[in-house]
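In: What follows is a predicted structure for the sequence shown.
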Amino acid sequence: MTNQGANHKIEIKTVQIDGKKLTKSLFGQLGEYECLDANVEFTGDQILGYCNYNNTKYLLWIKGGLLKKTNLDSYRKILATSQDTFVENIGWFLRLTKIEFYISLNSRGVVSDSIEDQVLLDEKIDKLKVFLRSIKPDMQIFL
């Protein structure tokens, strides 16, 4: 039995700052920023890739010559949130994308929520899905 796919290329992607490899220690010191704006558009100049750090997936990107990171798990949780806890779990995303939402507590202590423009939210979540799908497995950076 012959292996016809014997010419595999393995590439390990690393990031260097001023000629020095980005280490876990340096990565931990990077500031966390939102990488998407209210229209769910990428705000940076370039995506370098993603890395796993302390059991969290982070996007590593550049804006204005500065290296930044974004917690991708927060965005991915939006796609996995059930309708029962939707506003509770994605309130930060609703604020980021400037979608009005309301949370109320009735006299029996039951919390209810509503979103002013569900169609707009669905459109922005669809854009988020496209963005997250654009981050391919071969973009992983190893620290």
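Out: Arrived safely, thanks for sending.

In: residues contacting residue 96?
Out: Going by Cβ atoms under 8 Å, 6 or more residues apart in numbering, residue 96 touches 34, 36, 37, 38. C-beta coordinates here come from the backbone N, C-alpha and C atoms, glycine included.

In: and those, which are buried?
Out: Among the contacts of residue 96, the ones that count as buried by 16 or more other Cβ atoms under 10 Å are residue 36.

In: now for the contacts of residue 96, which pair is the farthest apart?
Out: With Cβ to Cβ as the measure, no two of the contacts of residue 96 lie farther apart than 34 and 38, at 9.9 Å.

In: Scan this structure for its longest helix.
Out: Counting residues, the longest helix in the chain under DSSP state H turns out to be helix 118-133.

In: so residue 109, which of the three states?
Out: With DSSP: H, G, I helix; E, B strand; the rest coil as the basis, residue 109 sits in coil.

In: Also residue 138?
Out: Counting by three-state DSSP, the backbone at residue 138 sits in helix.

In: roughly how far apart are it and residue 53?
Out: Remark: distance between residue 138 and residue 53 (Cβ to Cβ, to the nearest Å) = 18 Å.

In: lowest average confidence, helix or strand, in this structure?
Out: Taking mean pLDDT, DSSP states H and E as the measure, the chain has strand 111-115 as its least confident helix or strand, at a mean of 70.

In: Now do the strands in the chain.
Out: Secondary structure of the chain (DSSP state E): strands located at 16-17, 20-21, 46-53, 56-63, 66-71, 101-105, 111-115.

In: With mean neighbour count as added columns, please give those in CSV.
Out: Formatted as CSV, the strands of the chain follow (neighbours: other Cβ atoms under 10 Å):
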stretch, mean neighbour count
strand 16-17, 9
strand 20-21, 10
strand 46-53, 17
strand 56-63, 19
strand 66-71, 18
strand 101-105, 11
strand 111-115, 13
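
In: Take those strands and write them to JSON lines, including distance to residue 131.
Out: Below are those laid out as JSON lines (distance: least, Cβ to Cβ, whole Å):
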{"stretch": "strand 16-17", "distance to residue 131": "25"}
{"stretch": "strand 20-21", "distance to residue 131": "28"}
{"stretch": "strand 46-53", "distance to residue 131": "10"}
{"stretch": "strand 56-63", "distance to residue 131": "10"}
{"stretch": "strand 66-71", "distance to residue 131": "11"}
{"stretch": "strand 101-105", "distance to residue 131": "21"}
{"stretch": "strand 111-115", "distance to residue 131": "20"}
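
In: Thanks again, I'm all set now.
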